[in-house]
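> fold the following.
(one chain, ligands or ions: 1)
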Amino acid sequence: MASSGEKHTVKKYKGFGTASIHCGMEFDPHTGAVMTPISLSTTFAQKSPGVKYPAEYEYSRSGNPTRDAMEENLAGLENADAAISFASGLAATAGIIHCLEPNSHVIVTDDVYGGTQRFFRRIATQYGHTFSFVDFTKEGALEEAFQENTRLVWAESPTNPTLKICDIAAVSEIAHRHGALCCVDNTFMTPYYQQPLVLGADIVMHSATKYLNGHSDVVMGIVATSNPDMIEKLRFNQNAVGAVPSPFDCYMMMRGLKTLHLRMRAHGANAGVIAKLLESHDKVDRVVYPGLESHPQHEIAKKQCHGFGGMVTFFIKGGLDGAKAFLENLKVFTLAESLGGVESLAEHPVIMTHASVPAEHRAVLGIDDSLIRLSVGTEDIEDLVQDISNALDAVQL
Ligand SMILES: *Cc1c(COP(=O)(O)O)cnc(C)c1O
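Predicted coordinates:
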């Protein structure tokens, strides 16, 4: 597994860690401040009407120095020509859909993030777009779903919470052959473990709320792309719709990004240990983790990722009672929604994050009462192992 980041592709620097610390981070020429200041000013002085100072700022929705520095950093990490930020992951998703011509058809991974599905089904369809939800791991299924007006293929890999993985290079190639763009929601892996643009995708979307920020204290979305037409449209959308993140949140995001490589290594190492522990435990039915040989797409994960991430899903014995006993007895892991922070979290998708997904649909996706999702944090592994073991001991079969 990459430790120094040599295997990653990054602009300007040899290593991913150097890029995460230095991309977009130039010291302030006026004061010498090494850290990018939080530029709270909403407006910027002009020399004469329309004649701006060299940095070209005028109004903070249209452009902000703190936001620019953060976007440059993220563009570097995703190996993109540009990154455009939004007030949340869903606002970023909306921004991408706004770029489509009216009445476009979009093919989507069937177990896409619930909020993405809700936006597609209940908002985007009102503007004439249509969506087909397809299992990308099923041979030939994607190919069959194309229509005359298919403009976008929306992949999420791994998916949430079942951690299904699709072959991003293959999906991108199929999309391109049909004249469509391929967008990948890269929230779970982050560019440290997976770089969709390098694999052939056109657009990367992130809920930066999760691993990119990494400290569970900012809500933000990012779109990264090198497609000139998309860059222009997304920039226009960012300003014209106005769902922009605040300068303070951009500052917090940059602070988080500087340790992305360190955090992801720790998340990955801890998750690998927890996945193996669960797999060998007699209170556990089945574990899903891309790094396990038992994962159905383990070979694809090995080929397209630099590591396997921090999310672990497992099916506990004893059904709902077993799941409740386990979750109530955790002490280091917190029972909470969301993911990607340095602190370990556990949750029950049927009752918590996926309650809005209809029961029949959950059944198709394999999300049942015994499924537990872990966001393995960066604590010391001894404490996490003990916590999981103790909580499993509390399960009565
Ligand atoms: C959380 C999440 C989103 C939505 O992002 P917000 O920042 O909550 O708007 C989209 N995709 C995935 C995979 C997520 O986990």
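> tell me which element the residue of the stretch 251-397 of the chain found nearest the ligand falls in.
In the stretch 251-397 of the chain, the residue that lies nearest the ligand is Leu339 (6.4 Å; CB to the nearest ligand atom). Backbone N, C-alpha and C define where each C-beta goes, glycine included. Following DSSP states H and E, one finds Leu339 outside all helices and strands.
> so what's it up against?
188, 210-211, 310-311, 345, 373, 375 (CB atoms under 8 Å, 6 or more residues apart in numbering).
> again, only this time at 6 Å
210, 375 (CB atoms under 6 Å, 6 or more residues apart in numbering).
> which pLDDT value goes with it?
In this model, Leu339 is scored at 97, pLDDT.
> relative to Val364, how far out is it?
To Val364, Leu339 is 23 Å away according to CB to CB, to the nearest Å.
> residues near the spatially closest residue to Ser60 that is not a sequence neighbour, how many?
Take Ser60 and drop its neighbours on the chain: the residue closest to it by CB to CB, 6 or more residues apart in numbering is Thr42, 4.5 Å away. Neighbours of Thr42 under the rule other CB atoms under 10 Å: 10.
> how about Thr42, phi and psi?
phi -80, psi -20 (degrees, to the nearest 10).
> can you tell me, leaving aside adjacent residues, what's nearest to the residue of the chain found nearest the ligand?
Closest to the ligand within the chain is Gly89: 2.2 Å, counting by CB to the nearest ligand atom. In this structure, Gly89 finds its nearest non-sequential neighbour in Ser207, 2.9 Å apart by CB to CB, 6+ apart.
> try Ser62
Asn239 (4.8 Å).
> for the helix or strand that the one you found is a member of, name the packing helices and strands.
Per DSSP H and E, Asn239 falls inside helix 228-241. Applying 3 or more CB pairs under 6 Å, 6 or more residues apart in numbering; DSSP states H and E, we find helix 228-241 packed against strand 82-86, helix 89-98.
> pipe those into CSV and attach mean neighbour count and mean pLDDT per row.
Formatted as CSV, the helices and strands packed on helix 228-241 follow (neighbours: other CB atoms under 10 Å; pLDDT from 0 to 100):
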stretch, mean neighbour count, mean pLDDT
strand 82-86, 25, 98
helix 89-98, 22, 98
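> show me what the residue located most distally from the centre of the chain is bridged to.
Centroid-distance maximum for the chain: Ser48 at 43.1 Å, with CA atoms, centre = their mean. Bridge pairing for Ser48 (DSSP bridges) gives the partners Val51.
> ditto for Met205
Going by DSSP bridges, Met205 forms beta bridges with Asp185, Val223.
> thought it was touching Asp185?
Yes. Counting by CB atoms under 6 Å, Asp185 is a contact partner of Met205 at 5.0 Å.
> which residues of this structure lie near the ligand?
88-90, 113, 115-116, 156, 160, 185, 187, 207, 209-210, 219, 221 (CB under 6 Å from any ligand atom).
> what do you get if the cut-off is 8 Å, keeping everything else the same?
88-93, 112-113, 115-116, 156, 159-160, 185, 187-188, 205-210, 219-221, 338-340 (CB under 8 Å from any ligand atom).
> and those residues, which are buried?
88-93, 112-113, 116, 156, 159-160, 185, 187-188, 205-210, 219-221, 339-340 (16 or more other CB atoms under 10 Å).
> quick check: which element contains Asn270?
Going by DSSP H and E, Asn270 is in helix 260-279.
> what about Pro161, neighbour count?
A count of nearby residues for Pro161, using other CB under 10 Å, gives 25.
> helix/strand/coil for it?
Pro161 carries the three-state label coil when classified by DSSP: H, G, I helix; E, B strand; the rest coil.
> in the sheet, who's paired with the closest residue to it other than its chain neighbours?
In space, and not counting its chain neighbours, Pro161 is closest to Arg373: 4.2 Å by CB to CB, 6+ apart. Here Arg373 sits in beta bridges with Thr313, Glu347, going by DSSP bridges.
> low pLDDT regions in the stretch 201-350 of the chain?
For the stretch 201-350 of the chain, no stretch has pLDDT under 70.
> tell me the buried residues in stretch 66-81?
So stretch 66-81, judged by 16+ other CB under 10 Å, has buried residues 66-80.
> what does stretch 375-386 give?
So, applying 16+ other CB under 10 Å, buried residues of stretch 375-386: 375-379, 381, 384.
> quick check: closest non-adjacent residue to Ile165.
Gln297 (3.8 Å).
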